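J.: Next comes the sequence, and after it the predicted model I'd like to discuss.
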Amino acid sequence: MGCSGSVPKDTDIVVEPGESCEVLTRFDESKQKQVIISNLLDAQVIKDDHNTIIVRKLDCQMLTPLGDVNFEEKLLIIEPQEQNSIDIKEFFSTLSQIPLKNLFGIKIHLGAQYVKSSTDNDLQEITKFIKAISQTSDQLRFVSFKIPGWNQLSNKGLGRFLVGLKSLLQKNKRVKFFELDFENADKVEDIIVENIANCIHQLADNNKCILHFSLNLNYWIKCTNEAVQYLVNSIIKLGGANTSLKYFYLNLSSWGLCTKKGLTEIGQSLYHIADSNQHLKYFGLEMEDWWQCKQPESQALVQGFLKLSQSNSQIKQILLNFSNWGLGSQEPFQKLEENLKKILPKVEKQIFF
């Protein structure tokens, strides 16, 4: 991701469909305005006009020069691309000591290869880092945490992280871009989804112009209809509080304990999102492996998508994934696909069932 140029108004921040979830077009594409830090020398050449700082290696020695950097209105991206193992705990513990004042945004993306053996203690240091940011930055517009594959997480560890995230969202009232991805956290339970819902409630309370919302809870296999209820209530609130969403993505694949009740509630929440936000450009919903649900039980989903297609003339891309459901007729989804082709003939559609 690159950045440059003069800073436009907040209303100029848009996320275009078809681009990756990470794209924030607040800045024009230009490598001249970003700096990539892979070693100590890179960290020593950060200038005031750099508006994006990308950390590719979690090396504590590189952090020393950052203490002298003015972080105001800068987007800090921590996205390691190392081949060797990394010490998450030590890095974020050290980073928490650096005053990151008035950041434009924070993005932490840790690949599964880095966190598969990590523990709650490692996440606790990231939580402390988030709390440190909440004390020094109250104008965040970009909040992204993408940490898939952390399968050693417990309810307690992730719960503490989400309390810290809620505190961060409570302090910041200009968030435009929100992304949370904890794919494959297969040990956590419904109570953690309630904590996520509380974060979304806080996001909706404080921010009335959210453009990008993405939530990936794929393979949270212990979640039940109760978790769906928590999530649905928060999404309905988010949809009602915002009329500016351009990008919406939700992944609840492998929630195999959920039944028709949860399915119906998700359909109702989609209806609210579509009814309140009529400028959506990208919409994605993945519910693969809901094996207790059969295709004939999908009427609420069908109605939600029809409302979406009828209300949003600007939509350009749709992703729907309902693969590996229980046995039953595929007729409802086939009719949905046919209707979407008629209503939105020029929209790029990916539909799996």
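T.: Received, thanks. Remember, it's a predicted structure, so these values are computed and weren't measured experimentally.

J.: Buried ones in stretch 313-326, by neighbour count?
T.: I315, K316, Q317, I318, L319, L320, N321, F322, W325 (16 or more other CB atoms under 10 Å). Yep, even glycine has a C-beta here, placed from its N, CA and C like the rest.

J.: Let me fix that, I meant to ask about stretch 175-194.
T.: 175-185, 187-188, 190, 192-194.

J.: before we move on, what about stretch 279-297?
T.: 280-290, 292-295, 297.

J.: out of those, who's nearest N225?
T.: Checking those against N225 by CB to CB gives Q292 as the nearest, at 10.0 Å.

J.: show me what contacts the residue nearest the centre of the chain?
T.: Centroid check for the chain by CA atoms, centre = their mean gives E179 as the closest residue, at 1.7 Å. E179 sits next to C21, V143, S144, F145, K146, H212, F213, S214, L215 when contact means CB atoms under 8 Å, 6 or more residues apart in numbering.

J.: Okay, and the beta partners of the fourth one?
T.: I take that to be F145. I108, L180 (DSSP bridges).

J.: Looks like it contacts L165 (just checking).
T.: Yes. Counting by CB atoms under 8 Å, L165 is a contact partner of F145 at 7.4 Å.

J.: Quickly list what's touching both of those two.
T.: Listed as contacting both F145 and L165 by CB under 8 Å, 6+ apart are L180.

J.: Quick one: the helices in the protein, in order.
T.: 40-43, 88-95, 112-115, 120-136, 155-171, 190-206, 225-241, 260-276, 299-311, 331-343 (DSSP state H).

J.: Any chance of those helices in JSON lines with mean pLDDT as columns?
T.: Below are the helices of the chain laid out as JSON lines (pLDDT from 0 to 100):
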{"stretch": "helix 40-43", "mean pLDDT": "91"}
{"stretch": "helix 88-95", "mean pLDDT": "95"}
{"stretch": "helix 112-115", "mean pLDDT": "86"}
{"stretch": "helix 120-136", "mean pLDDT": "96"}
{"stretch": "helix 155-171", "mean pLDDT": "97"}
{"stretch": "helix 190-206", "mean pLDDT": "97"}
{"stretch": "helix 225-241", "mean pLDDT": "95"}
{"stretch": "helix 260-276", "mean pLDDT": "87"}
{"stretch": "helix 299-311", "mean pLDDT": "77"}
{"stretch": "helix 331-343", "mean pLDDT": "79"}
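
J.: With distance to N251 added, can I get the ones you listed in a markdown table?
T.: Formatted as a markdown table, the helices of the chain follow (distance: least, CB to CB, whole Å):
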| stretch | distance to N251 |
| --- | --- |
| helix 40-43 | 34 |
| helix 88-95 | 24 |
| helix 112-115 | 15 |
| helix 120-136 | 20 |
| helix 155-171 | 17 |
| helix 190-206 | 13 |
| helix 225-241 | 12 |
| helix 260-276 | 12 |
| helix 299-311 | 15 |
| helix 331-343 | 18 |
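
J.: ok, the closest residue to T224 other than its chain neighbours - contacts?
T.: Setting aside the residues directly before and after it, T224 is nearest to L257 in space (CB to CB, 6 or more residues apart in numbering), at 4.8 Å. The contact partners of L257, taken as CB under 8 Å, 6+ apart, are I221, K222, C223, T224, N225, Q292.

J.: show me what contacts the spatially closest residue to the second one that is not a sequence neighbour?
T.: Counting by CB to CB, 6+ apart, E189 is the residue found nearest to K222 once chain neighbours are left out, at 4.9 Å. With CB under 8 Å, 6+ apart as the criterion, the residues that contact E189 are N155, K222, C223, A227.

J.: now G149
T.: Applying CB under 8 Å, 6+ apart, the residues near G149 are G111, A112, Q113, V115, K116, E183, N184.

J.: What score does it have for pLDDT?
T.: G149 carries a pLDDT score of 88 in this model.

J.: Neighbours of the spatially closest residue to it that is not a sequence neighbour, how many?
T.: Closest residue to G149 apart from its sequence neighbours, by CB to CB, 6+ apart: A112 at 2.6 Å. Residues lying near A112 (other CB atoms under 10 Å) number 13.

J.: Surely A112 is in contact with Q152?
T.: No. Contact between A112 and Q152 fails when scored by CB under 8 Å: they sit 11.6 Å apart.
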